[in-house]
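I would like the atomic coordinates for the input below:
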Amino acid sequence: MGGFTFCCGDFVNMMDAKGTVTAEILEMIEDDPRVCYINSDSTVGRVAEAMKKYPDRVLDTGIQEMNMVTVAAGLAKEGFIPFVQTFGPFLCVRALDQIHNDVCYNDFPVRLIGTHAGLSSGYGPTHNTIIEFGIMNALPNMTMVAPCDANQAKKLLRASLDYPGPIYIRIPRGEEPAVYADDYDYKYEIGKAIELSEGKDLTIIATGMGVANSVQAARQLQEEHGLDIGVIDMHTIKPIDKEAIIKAAQQTGTIVTVEDHNILGGLGSIVADVLMEAGVPARLKKIGVPDTFVEYGYPEQLYPHYGMDAAGIAKTCLEFLGK
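Numbers count the residues shown, from 1 in each chain. Sure thing, here's the model as predicted:
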């Protein structure tokens, strides 16, 4: 599985997507007069300095996520490209009315960045964000993306500058393993999955934090069991890359989806829809958060509990293959 570097599950060589995203947006503000940055009660350090320099384009609405989205819609109406960043659970749920009416209905190019995605916050059910895929997939005009590491998040931000309509960007809290090496230059396109490896026995289609664990699981299955496992980085949930899904199903006939999200309405459900509509037969197994409010704990505790770590993914793949 060449062409990328994976950092093992002991969480060394981590990259903070949240901090990287903020830094990249501040650089984009310097480069592009259309770019605005709006956050919720988080004006410190470089952000505070940028606010003094660009008071009309760097804003802090305080803990008012609904107002923040409406402000962003107003800026977009005037020709700006606003990037909104706050805690995911307080963006995709609390401000859903404003996202639906002010942003999506008007098809404004607002970039909504929900941090602390999935189970990464460690703050329990009220702060776990496990429903964005289903919600954003159902909103007309919305694009839904979940970068797998900090470098990919930077590529996404740059690609979003000339992308039409609203985008919801899902990133974890931080400390996520790097899937792609710093010096690895790869093509990134919104809506186009990245095939990390082809497989003959089974294909894992993963998104967000699930990609790193899936890569490690595929290597484990190859080294310990001689299995040929494909891995697809499905960084865009909507529009989903149908061609990549159909190709994987035709090659292996067996697909496992991995997502830090409710298995109802998420990546696995969307993949199943694609296969059914295309009439392509394949066996499908979903790995993710069961349809329940999750126990308290940090991701390094919860992922193994729900079989979402590398060992759990490998175990599920083996069982699904009847090994």
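
can you show me the strands along the stretch 101-250 of the chain?
111-115, 143-145, 167-170, 176-177, 194-197, 202-206, 229-233, 236-238 (DSSP state E, counting those that start in this stretch).

any regions of the stretch 151-300 of the chain where pLDDT drops low?
Scanning the stretch 151-300 of the chain for pLDDT under 70 picks out 175, 183.

residue ranges for the helices of it, please.
210-225, 242-252, 267-278, 299-305 (DSSP state H, counting those that start in this stretch).

right, and the helix or strand after the last one?
Following helix 299-305 in sequence order, the next helix or strand is helix 310-320 (DSSP states H and E).

for that next one, packing partners?
Packing contacts for helix 310-320, counted by 3 or more C-beta pairs under 8 Å, 6 or more residues apart in numbering; DSSP states H and E, involve strand 202-206, helix 210-225, strand 254-262, strand 283-289, helix 299-305. Every C-beta, even on glycine, is put in place using the N, C-alpha and C of the backbone.

mind putting these into TSV with mean neighbour count and distance to residue 189?
As requested, the helices and strands packed on helix 310-320 are exported to TSV (neighbours: other C-beta atoms under 10 Å; distance: least, C-beta to C-beta, whole Å):
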stretch	mean neighbour count	distance to residue 189
strand 202-206	29	17
helix 210-225	22	16
strand 254-262	27	21
strand 283-289	21	25
helix 299-305	17	28
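
JSON lines for the ones you listed, including distance to residue 147?
What follows is the helices and strands packed on helix 310-320, written out as JSON lines (distance: least, C-beta to C-beta, whole Å):
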{"stretch": "strand 202-206", "distance to residue 147": "12"}
{"stretch": "helix 210-225", "distance to residue 147": "9"}
{"stretch": "strand 254-262", "distance to residue 147": "13"}
{"stretch": "strand 283-289", "distance to residue 147": "18"}
{"stretch": "helix 299-305", "distance to residue 147": "16"}
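
circling back to that earlier point, the strands of the stretch 101-250 of the chain: which one's closest to residue 92?
Nearest of the strands of the stretch 101-250 of the chain to residue 92, taken as C-beta to C-beta: strand 111-115 at 5.7 Å.

number of residues surrounding residue 265?
Residues near residue 265, counting by other C-beta atoms under 10 Å, number 18.

how about the residue sitting nearest the centre point of the chain, nearest residue that isn't a chain neighbour?
Centroid-nearest residue in the chain: residue 146, 1.5 Å away (criterion: C-alpha atoms, centre = their mean). Computed as C-beta to C-beta, 6 or more residues apart in numbering, the closest residue to residue 146 that is not its neighbour in sequence is residue 208, at 3.8 Å.

contacting residues for that neighbour?
Residues in contact with residue 208 (C-beta atoms under 8 Å, 6 or more residues apart in numbering) are 117-118, 146-148, 170, 172, 235, 259-261.
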